[in-house]
Each structure stands twice: as C-alpha cells, then as structure tokens.
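Participant: Test case, fold it:
(one chain, ligands or ions: 2)
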Amino acid sequence: MLADSYGRVATDLRVSLTDRCNLRCTYCMPPEGLDWLPGPAQLTDDELLRLLAIAVGRLGITEVRFTGGEPLLRRGLTGIVARTAALRPRPEISLTTNGIGLSRLAGPLRQAGLDRINVSLDTLDRSTFVTLSKRDRLPEVLAGLEAAAAAGLSPVKVNAVLMRGINDREAPRLLRFCLERGYEMRFIEQMPLDAQHGWRREDMITADEILTILSAEFTLIPDDPGKRGSAPAESFLIDGGPARVGVIGSVTRPFCAACDRVRRTADGQVRNCLFAREESDLRTPLRAGASDEEIAERWRQAVARKLPGHGINDPGFLQPARPMSAIGG
Ligand code: SAM
Ligand code: SF4
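Facilitator: Ligands and ions are numbered 1, 2, ... in the order given. Sure thing, here's the model as predicted:
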C-alpha cells in the first residue's frame, strides 16, 4: 500500500508521458514553450511499464491516468495503453488530453483498453481559443471530442479553466454544449502551477464565482455531499437532474484530506502532491538494476512523506519548481 502518515492511501496514479505540448494555454505555459526534457531523460516504454507493473502488483494502485504535457504526442501511446490493460490486477485506465489528434486516436485507444477520457476545452469561440492557447486548433479539439464519444469512451468528461475577462462569461454556453452531447462538464479553479509564475489570487475565478455565473442560467442543487469521496469535484444537479456539473475548487475548497493520488513524471520521479517541493527519483535505481521490491520501497517512502495539504493558502507558500505541464496534471 502507498499510505501516508495522515491515514490516506494512494490508489490513483497519474503518469506523465511527456512534458511536450502542442498548445500554450496561458495558465500553463509561456507562448515560447519550455525547455523540454531531453529524450534519454524520459523513461522508455519498457521502463514505464515496469514501474506500472510494480504500482499495480505491489503498491495497490487501481487507477492509472495518463497525462502530460500532451499525452497524445507520445509515440506508441496505444501500445502503452494495451500493455497497461494487460497488467494484473487490471487497473482502470484513463487519459487527460487537449483533444488534438483524438479524432484519429480515439478508436485505437478504446480498442487498446482505454476506459475513460477527459478532454480540456475552455472555449467554443475560435478567437478566444487562440487567445487562450496561442494556437488556432479549436476545430481539431471539437472533432476529437466527437470521436471520443463515438468510440464509446463515455461518459466523456470535459474540463475547463475559467480566466477572468477571457472565457468566464462563456461558462453557461460551455455547459449547455456538454449537456446537449451527454458530456460531463467540470470547471476547475486556476492553480499556481504555470511556468511563468503569473498566477494571482485576484484573477482566479473561484468556485463560488463559477456557481454564481452558472446559476444565472441553471438551477444548481448540490448532489449528495456524501458521494464526493476522494473525487475533487463537487457535483451539482442541473435543473433537477439527472445531468450534473462538477466544480473543482482546488484552491478555495481543497480536497487534500481525501486525496488518493500520487504522480510520476515523464523522467521517472515520484511526486506525492502536485504542489510537492521534493521528488523521489525512481529512474536512477531502475536503470541501476534495482529489484522490484527496492523500487516499491522507495515509492512507499515517497508517499509516506506526503504533507497534509497543498499550502497554497499559507502565507509562506512557494510554487513547486516544475510547472503543471512537466508534473502531469
Ligand atoms: N495537455 C492535456 C490537457 O490539457 O488536458 C493534459 C495535461 S494538462 C496539464 C491537464 C489539465 O490541467 C488540463 O485540464 C488543464 O486545463 C489543467 N491545467 C493546466 N494548468 C492549470 C492551472 N494552472 N490551474 C488549473 N488547471 C490547470
Ligand atoms: Fe498543453 Fe494541457 Fe498545458 Fe494546455 S494545459 S499547455 S494543452 S499541457
């Protein structure tokens, strides 16, 4: 088990497959991009599968989410998913993507064993998409969403980050778009994880504000609060249900006390929290011939040191050195 000293057990592993991306969302990356990890620093398919086998076989991981950077840019992704699906006990396999390339990959990924997908979509307006992501690729994202639903990756979840004065007023339109297509929509508070360190609390659209904006057009009733469990999203019934919308108040309504996540970067570092300021290196022992049990023990120790909360609201908060795209969101 991956237990920490506060009684939490990590069962949900987020695996970054690459730190590269084909968008430049302003809350994540600067327009010029970042210094990508050099190829040899990244785990090979065999190395990452070995770590996954240790995670599900020895450490109680039951859910694996592939992310990045943009995971669809990882060569051999369908093969990685297929090999993950062949692990025993078989984990649930999901993917978080910006949707570019999904129109081609959704079917093969589904066939390889992908169970669920989250597609990030902050706007339906082409010029706002360019403002937000510095790339004119909205049609590809929308085609990817359709392909995901057609491939049976349902329910397709859609994540949006609202930016003040840019796409915040678009929230009801985004929600309606998702309702009409049977997608599950979740709005996420912007977190201080951008490479430029440009996050400002005053600019963040809070969970309260998200609910106010949506309430202008929908009646929202909190879903059974007992159902939240370790899920970060607070769920609300829309106009009496059964459709729901999720609000992830990572900053103003932290869910750290129920967190069941652990992360692994593309270069084989374990992070026990998005906001952790230390990492545990699994790549060096992996490449030096360590046994499965030695690696598992290192991983257990990394999770055991997990702090009780992310500390964003503490006066001395310091952003982690790696940005979101290099950690794996
Ligand atoms: N490229 C993929 C994508 O965009 O879905 C996967 C990686 S991305 C880092 C994962 C999620 O993190 C996306 O939904 C994105 O909107 C979100 N994200 C990125 N930076 C964020 C920030 N500063 N605050 C909140 N969410 C953020
Ligand atoms: Fe790329 Fe995802 Fe970051 Fe946007 S949020 S720049 S799509 S990694």
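Participant: Tell me where the chain has helices.
Facilitator: In the chain, the helices defined using DSSP state H lie at 45-58, 77-85, 102-112, 126-133, 138-150, 171-181, 207-215, 283-287, 292-304, 324-327.
Participant: The fifth one to helix 102-112, inter-axis angle?
Facilitator: The directions of helix 138-150 and helix 102-112 differ by 20 degrees, with axes from the mean of the first three to the mean of the last three CA atoms, to 10 degrees as the criterion.
Participant: The first one too?
Facilitator: Angle of helix 45-58 versus helix 102-112, following the same axes, to 10 degrees, is 50 degrees.
Participant: picking up where we left off before, so which of the helices of the chain is nearest ligand 2?
Facilitator: When the helices of the chain are compared by CB to the nearest ligand atom, helix 324-327 sits nearest ligand 2, at 4.2 Å. Using the backbone N, CA and C atoms, a C-beta is placed for each residue, glycine as well.
Participant: Now do the closest one: which elements does it pack against?
Facilitator: Contacting helix 324-327 under the criterion 3 or more CB pairs under 8 Å, 6 or more residues apart in numbering; DSSP states H and E is no other helix or strand.
Participant: Can you give the distance from it to the centre of its chain?
Facilitator: 10 Å (CA atoms, centre = their mean, to the nearest Å).
Participant: Between the helices of the chain, which has the poorest mean confidence score?
Facilitator: Least confident of these, judged by mean pLDDT, is helix 324-327 with a mean of 84.
Participant: What is the burial count for Glu180?
Facilitator: Residue neighbour count, defined by other CB atoms under 10 Å, stands at 8 for Glu180.
Participant: Could you report the separation of it from Arg88?
Facilitator: Using CB to CB, to the nearest Å, Glu180 is found at 40 Å from Arg88.
Participant: Then Val245?
Facilitator: Distance from Val245 to Arg88, by CB to CB: 36 Å.
Participant: For those two, indicate the residue with more neighbours.
Facilitator: Val245 (25 against 8).
Participant: May I have the beta-bridge partners of that one?
Facilitator: Met185, Phe236 (DSSP bridges).
Participant: Quick check: pLDDT value at it.
Facilitator: For Val245, the predicted pLDDT is 97.
Participant: Poorly predicted segments of the stretch 201-329 of the chain, please.
Facilitator: 225-230 (pLDDT under 70).
Participant: tell me which parts of the protein are close to ligand 1?
Facilitator: Within reach of ligand 1 by CB under 6 Å from any ligand atom, the chain has these residues: 21, 27-28, 67-68, 70, 96-98, 120, 159, 161, 188, 190-191, 193-194, 324-325, 329.
Participant: Can you name the residue of the stretch 201-329 of the chain nearest to ligand 1?
Facilitator: Gly329 (2.9 Å).
Participant: Isn't that residue up against Leu274?
Facilitator: Yes - with contacts counted by CB atoms under 8 Å, Gly329 reaches Leu274, the gap being 7.4 Å.
Participant: overlap in contacts of these two?
Facilitator: Leu193 (CB atoms under 8 Å, 6 or more residues apart in numbering).
Participant: before we move on, back to that, determine which stretch of the helices of the chain is the most buried.
Facilitator: When the helices of the chain are scored by mean count of other CB atoms under 10 Å, the highest mean neighbour count falls to helix 324-327 (a mean of 26).
Participant: And the strands in the stretch 201-329 of the chain, which stretches?
Facilitator: Remark: strands assigned in the stretch 201-329 of the chain by DSSP state E, counting those that start in this stretch are 220-222, 234-238, 244-248, 261-264, 269-271, 280-281.
Participant: Provide the strand pairings for the fifth one, with the direction of each partner.
Facilitator: Yep, that's strand 269-271 we're talking about. In its sheet, and by DSSP bridges, strand 269-271 pairs with strand 261-264 (antiparallel), strand 280-281 (antiparallel).
Participant: Could you dump these into CSV with mean neighbour count and distance to Leu59 added?
Facilitator: Converted to CSV, those look like this (neighbours: other CB atoms under 10 Å; distance: least, CB to CB, whole Å):
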stretch, mean neighbour count, distance to Leu59
strand 261-264, 25, 9
strand 280-281, 16, 13
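Participant: got TSV for these, with distance to Val270 too?
Facilitator: Shown next, in TSV, are these (distance: least, CB to CB, whole Å):
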stretch	distance to Val270
strand 261-264	6
strand 280-281	4
